[in-house]
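Novice: Task: produce atomic coordinates for the following.
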Amino acid sequence: MKRLSFIFLSITATFISFAQVEDHAKWKYSVEKISDKQLRVVSTASLDPGWHIYSSNMQDGGPQKTIVTVEPSNMFTVSGSTTDSGKLIEKFDSSFNITLRYFPNIATFKKTIDLTDTTIHNRIM
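Specialist: Below is the predicted model of the structure:
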């Protein structure tokens, strides 16, 4: 029984050690008022030194672009595409044969929402 317990613990410890994923981005979220009927959801990523995050506006055929998703609601609709800002670096990559667009250190992603229920504005602002 002791041997079986030891084997189980060893296997579990192995899976746990492989399951740990390092998170090199710290995210902060906020909401900005555009008007009584529109808000902007702001997601800001602060990155560890030596790391970068790809733009939300990248050509197909390369690395995965950053995608910002706002969960659907009957209180608002999402309007337009995601915009991003920060110190943008554009660099041609011969492996993908495209120009990569990415941000070192910090990147901000914004998404505009149109309120269908304007009373929500008073509850979140």
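Novice: just the strands in the protein please.
Specialist: For the chain, strands defined by DSSP state E occupy the ranges 25-33, 38-47, 52-54, 76-86, 89-93, 98-104, 106-115.
Novice: With mean pLDDT as extra columns, can I get these in CSV?
Specialist: CSV is the format used below for those (pLDDT from 0 to 100):
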stretch, mean pLDDT
strand 25-33, 91
strand 38-47, 92
strand 52-54, 94
strand 76-86, 91
strand 89-93, 96
strand 98-104, 96
strand 106-115, 93
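Novice: Now distance to Pro63 and mean neighbour count too, for these, in CSV please.
Specialist: No exception for glycine: its C-beta is placed from N, CA and C like everyone else's. Formatted as CSV, the strands of the chain follow (distance: least, Cβ to Cβ, whole Å; neighbours: other Cβ atoms under 10 Å):
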stretch, distance to Pro63, mean neighbour count
strand 25-33, 15, 11
strand 38-47, 15, 17
strand 52-54, 6, 19
strand 76-86, 15, 15
strand 89-93, 9, 10
strand 98-104, 7, 18
strand 106-115, 14, 18
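Novice: Please convert these to a markdown table, extending it with distance to Thr69.
Specialist: What follows is those, written out as a markdown table (distance: least, Cβ to Cβ, whole Å):
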| stretch | distance to Thr69 |
| --- | --- |
| strand 25-33 | 13 |
| strand 38-47 | 10 |
| strand 52-54 | 15 |
| strand 76-86 | 9 |
| strand 89-93 | 24 |
| strand 98-104 | 19 |
| strand 106-115 | 9 |
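Novice: who wins for proximity to Gly62 among these?
Specialist: Among the strands of the chain, strand 98-104 comes nearest to Gly62, with 4.8 Å by Cβ to Cβ.
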